[in-house]
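*Asks:* Model the structure of this input:
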Amino acid sequence: MVILWSEKPLTTGASVSLIKSAVVCFAIFATCGCEQGQPAASVATNNRAPVPLSESANSIGMEFRLIPAGTFTLGEGDKAHEVTLTKPFKIGVHEVTQARYEQVMGVNPSKLKSANKPVEMVSWEDAVEFCRRLTDLPAEKAAGNVYRLPTEAEWEYACRAGTTTAYSFGDDLTQLKNYAWYRENSGGTSHPVGSKQPNDWGLHDLHGNLWERCQNYAGPHPSSAITDPTGPATGSLRVIRGGSWGRLPASCQSAHRASLAPSIFNQYLGFRVCRTSSGN
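*Replies:* Next up is the predicted model:
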């Protein structure tokens, strides 16, 4: 049963909020070089040339990209507001797969089973527990790595990869099939991560495949510029982003947002993680 917002009302009793968003302006600057001390990433917003960013992998083979700090506009119309992220952050190249989830958690709860497909049938609490257990792995503790869900601002910033358009690849809807699994091309199922083209920062499946959970409680966007937002301090719903294999193209737009009760899970919901240092 689909339990996200839809053209039809929800039947789960969960309250879901939806904003179809298109970013109205975007400015980004790089404040940090890669982990090897190379020059800071230079983000091109006009010619859409792929931007080489520092890559790394953790002890179980999950790949991450170091995303530069910057400023962009999140939201749509009168909801649009400037967001500044003052620190670079590392985010997963892929949604967490069933194989990685089982490696850490000891179980694979997914309905659409395949090792390289993103894990689903997991709640927000399950995703947070995955982050905790991954952080506690001996090799990760020794490296000082800490894992968490991305904030909503981090998610959209990473998804856009310097663009101001409806999708990270532009506004041409005919190109969506090259970057996303969604209702028209998914065949009614999720697909292995990384099987579509990445955005300009080398991140896959931010459009479609599975909805991705964010750290934030859901709430109205602020009306003015904000720095390093983490969302409301309390709430009953958590933000989800990116659309899924069962949704229409509009749900896969970079700024499209929805919210969901954290205990809800189904075959349309997954997550990716951020990696930080215990010294931060």
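*Asks:* contacts and neighbour counts: CA atoms only from here.
*Replies:* OK.
*Asks:* shaky segments in this structure?
*Replies:* 1-49, 279-280 (pLDDT under 70).
*Asks:* Check which helices and strands the top helix by length along it sits against.
*Replies:* The longest helix of the chain (DSSP state H) is helix 124-136. Other elements packing on helix 124-136 under the criterion 3 or more CA pairs under 8 Å, 6 or more residues apart in numbering; DSSP states H and E are helix 98-105, strand 145-148.
*Asks:* in the next helix-or-strand element following that helix, what's buried?
*Replies:* Where DSSP states H and E defines the elements, the next helix or strand beyond helix 124-136 is helix 138-143. Neighbour-count burial for helix 138-143 flags residue 140 (criterion: 16 or more other CA atoms under 10 Å).
*Asks:* who touches helix 138-143?
*Replies:* 58, 59, 134, 135, 146 (CA atoms under 8 Å, 6 or more residues apart in numbering).
*Asks:* Which residue is the nearest non-sequential neighbour of the first one?
*Replies:* The shortest distance from residue 58 to any residue other than its chain neighbours is 7.4 Å, reached at residue 140 (CA to CA, 6 or more residues apart in numbering).
*Asks:* Also the fourth one?
*Replies:* The shortest distance from residue 135 to any residue that is not its chain neighbour, by CA to CA, 6+ apart, is 5.1 Å, and that residue is residue 146.
*Asks:* Do a quick rundown of the strands in this structure.
*Replies:* 18-19, 26-27, 55-57, 63-67, 70-74, 81-85, 89-92, 145-148, 211-217, 226-227, 238-241, 257-260, 269-270, 274-277 (DSSP state E).
*Asks:* Buried members of the contacts of helix 138-143 into PyMOL, please.
*Replies:* The PyMOL command for the buried members of those (criterion: 16+ other CA under 10 Å) is given here:
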select buried, resi 134+135+146
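*Asks:* and the two most separated of the contacts of helix 138-143?
*Replies:* Within the contacts of helix 138-143, 59 and 146 form the most distant pair, 12.5 Å apart (CA to CA).
*Asks:* picking that back up, select, out of the strands of the chain, the one closest to residue 179.
*Replies:* strand 211-217 (14.7 Å).
*Asks:* That closest one pairs with which strands, and in what direction?
*Replies:* Taking DSSP bridges as the criterion, strand 211-217 pairs within the sheet with strand 238-241 (antiparallel), strand 269-270 (parallel).
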